[in-house]
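**Student:** Give the three-dimensional model of this entry:
(chains A, B, C and D)
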Number of protein chains: 2
Amino acid sequence: MATTHFNTKDRILGAAEELFAQHGFSGTSLRQVTSRADVNIAAVNYHFGSKENLVNEVFRRRMDEMSERRIRELRSAQEDHPGELEPILAAFIEPALALTLDRHGSAFVRVLARAYAEKNDRLRKFLSDNYGQVLREFAKAIAPCLPQLGKEELYWRLDFVAGALTYAMADFGLIRRPAGTSERSHGDKAAEHLIRFAASGLRAP
Amino acid sequence: MATTHFNTKDRILGAAEELFAQHGFSGTSLRQVTSRADVNIAAVNYHFGSKENLVNEVFRRRMDEMSERRIRELRSAQEDHPGELEPILAAFIEPALALTLDRHGSAFVRVLARAYAEKNDRLRKFLSDNYGQVLREFAKAIAPCLPQLGKEELYWRLDFVAGALTYAMADFGLIRRPAGTSERSHGDKAAEHLIRFAASGLRAP
DNA sequence: GTCTATAGTTGGATAGAC
DNA sequence: GTCTATCCAACTATAGAC
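**Tutor:** Residues are numbered from 1 along each chain as shown, chains lettered A, B, ... in the order given. This is a model prediction of the structure:
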């Protein structure tokens, strides 16, 4: 809809994304948002109606793209490498990784991680309605790769994978990594390591 | 210090714990806390001085016990089953599980998960100072079980395990499990599944 | 230790001029 | 679409009576 990425609406979305990642949703005031976006305080309510709606729009902007990419890559994986587990995992993990490498999307991964913690919110419903469907598609795709696995056990393990992904991508780790590894972007290494870890974990007896 | 668990101070801590789990730290007001605890609004400042200090005390109450238990079980695991991976993982995972089974501790696990998302807070320092040391002890204990693994790769995988644990224990999964599994407490099953998943993931080539 | 009352801030949201 | 000015609700924190 917007002809440029630097109009008021997108500046607000970008500022909100960064602040939500740092301070959470209720920890961020609209005054902080408009101050960082360098727009007037009234602009938020003019363009988004309310704070809650602003939060939803921050999600919609990134989620749609990430979900589409995941599904698209899942389809290619199933065509090009039928029955193989790793390509499916890559289709799930790499679109999230791509966000962490994007200068503007990196904050969103932390926002996403925060959303999981907002257990009783309407945000959960929003996420479950969209993101949940994607997860279910992946579950259906992975199941035939692990025929010896019961349905319940599969769901448990997929939750573990999602947890590891969320946690790692948001860089929540409390153990500081040895110096020297921080220069190169951690994102691509994370995907590599996580795919290997997750594949092996899913295949546990 | 307290002779009963139902004095004002402990009621405030309990109410705060539950509300923090549901609505986050900045999403919870002291008025909600004192209302649920059925104490006067001024009691929080009398007993804790400030909201920030109340947050810290909510953590301290559970963390000290969980960390001690983890270290204690780690020592036993190393004595009774030297060189084995699974007992070490159990020592890490089961004290967290024990909290989810405790009627009063179950909220705390979600509070803990929230704390990870509070990226830039003083809470991170508090957690890193305490919890980080425990994690480092476990890293040292696990390393000899996986001699083929590089240090960097080990740290990555431990972060994945911590993420899966946090996420699963807080029950953040978006995929709803098949009906009928909810009657029995998920906690002990989660530990079982997670230990198997984590051990296999850590052993990935 | 517990209460009422209130000070002092900051929050989301809007009205109305331009 | 953007601004200033402002309303009103909710918040943390404290003072002072009991």
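
**Student:** drop to CA atoms for contacts and neighbour counts, all remaining ones
**Tutor:** OK.

**Student:** From what I see, residue A:86 and residue A:200 are in contact.
**Tutor:** No - between residue A:86 and residue A:200 there is no contact under Cα atoms under 8 Å: 9.7 Å.

**Student:** and residue A:167, how far is that from residue B:145?
**Tutor:** 24 Å (Cα to Cα, to the nearest Å).

**Student:** Looking at residue A:86 and residue A:200, which is more packed in?
**Tutor:** Neighbour count, other Cα atoms under 10 Å in any protein chain shown: between residue A:86 and residue A:200, residue A:200 has more, with 21 against 18.

**Student:** element containing that one, please.
**Tutor:** Counting by DSSP states H and E, the element that carries residue A:200 is helix A:186-202.

**Student:** what's the answer for residue A:132, then?
**Tutor:** Going by DSSP H and E, residue A:132 is part of helix A:122-142.

**Student:** so the helix or strand following that helix versus helix A:186-202, what angle?
**Tutor:** Per DSSP H and E, helix A:122-142 leads on to helix A:151-169 as the next helix or strand towards the C-terminus. Here helix A:151-169 points in a direction 160 degrees away from that of helix A:186-202 (axes from the mean of the first three to the mean of the last three Cα atoms, to 10 degrees).

**Student:** average pLDDT for helix A:151-169?
**Tutor:** Taken as a whole, helix A:151-169 has a mean pLDDT of 89.

**Student:** and the helix holding residue A:132, how far from the chain's centre?
**Tutor:** Counting by Cα atoms, centre = their mean, to the nearest Å, helix A:122-142 is centred 12 Å from the centre of its parent chain.

**Student:** One more: stretch A:84-101?
**Tutor:** 11 Å.

**Student:** How about stretch A:51-70?
**Tutor:** 10 Å.

**Student:** Now it - C-alpha only, PDB.
**Tutor:** Taking Å, rounded to 0.1, in the frame of the first residue of the first chain, the C-alpha atoms of stretch A:51-70 are listed here in PDB:
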ATOM      1  CA  LYS A  51      -2.100   0.400  21.000                       C
ATOM      2  CA  GLU A  52      -3.400  -3.100  20.700                       C
ATOM      3  CA  ASN A  53      -4.000  -2.800  17.000                       C
ATOM      4  CA  LEU A  54      -0.500  -1.400  16.600                       C
ATOM      5  CA  VAL A  55       0.900  -4.600  18.200                       C
ATOM      6  CA  ASN A  56      -1.100  -6.700  15.800                       C
ATOM      7  CA  GLU A  57       0.100  -4.800  12.800                       C
ATOM      8  CA  VAL A  58       3.700  -5.200  13.900                       C
ATOM      9  CA  PHE A  59       3.200  -8.900  13.800                       C
ATOM     10  CA  ARG A  60       1.200  -9.100  10.600                       C
ATOM     11  CA  ARG A  61       3.900  -7.300   8.700                       C
ATOM     12  CA  ARG A  62       6.500 -10.000   9.300                       C
ATOM     13  CA  MET A  63       4.500 -13.100  10.000                       C
ATOM     14  CA  ASP A  64       2.800 -13.200   6.700                       C
ATOM     15  CA  GLU A  65       6.100 -13.200   4.900                       C
ATOM     16  CA  MET A  66       7.700 -15.700   7.200                       C
ATOM     17  CA  SER A  67       4.800 -18.100   7.000                       C
ATOM     18  CA  GLU A  68       4.600 -17.900   3.300                       C
ATOM     19  CA  ARG A  69       8.300 -18.600   2.900                       C
ATOM     20  CA  ARG A  70       8.100 -21.500   5.300                       C
END
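
**Student:** is DNA strand D contacted by it?
**Tutor:** No - Stretch A:51-70 lies out of reach of DNA strand D by Cα under 7 Å from any atom of the strand, never closer than 14.6 Å.

**Student:** what does that stretch contact?
**Tutor:** Contact with stretch A:51-70 is made by A:13-14, A:16-17, A:25, A:30, A:44-45, A:48, A:91-92, A:95-96, A:105, A:108, A:112, A:123, A:126, A:131, A:134, as judged by Cα atoms under 8 Å, 6 or more residues apart in numbering or on different chains.

**Student:** again, 6 Å this time
**Tutor:** A:13, A:48, A:91, A:92, A:95 (Cα atoms under 6 Å, 6 or more residues apart in numbering or on different chains).

**Student:** Name the nearest of these relative to chain B.
**Tutor:** Set against chain B, the nearest of the contacts of stretch A:51-70 by Cα to the nearest Cα is residue A:92 (14.8 Å).

**Student:** Tell me who's in contact with the closest one.
**Tutor:** residue A:70.

**Student:** do the same with residue A:90
**Tutor:** With Cα under 6 Å, 6+ apart, residue A:90 has no contacts at all.

**Student:** same question, residue A:73
**Tutor:** residue A:91.

**Student:** of all the contacts of stretch A:51-70, which two lie farthest apart?
**Tutor:** The most widely separated members of the contacts of stretch A:51-70, counting by Cα to Cα, are A:48 and A:91 (32.9 Å).

**Student:** ok, these two, which is more surrounded?
**Tutor:** Between residue A:48 and residue A:91, counted using other Cα under 10 Å, the more crowded position is residue A:91 (21 against 17).

**Student:** Surely the more buried one and residue A:76 touch.
**Tutor:** No - judged on Cα atoms under 6 Å, residue A:91 makes no contact with residue A:76 at a distance of 8.7 Å.

**Student:** and the helix holding residue A:200 with chain B, contact?
**Tutor:** Yes - using Cα under 6 Å from any Cα of the partner chain, we find that helix A:186-202 touches chain B at A:197, A:200, A:201.

**Student:** Great, nothing more from me.
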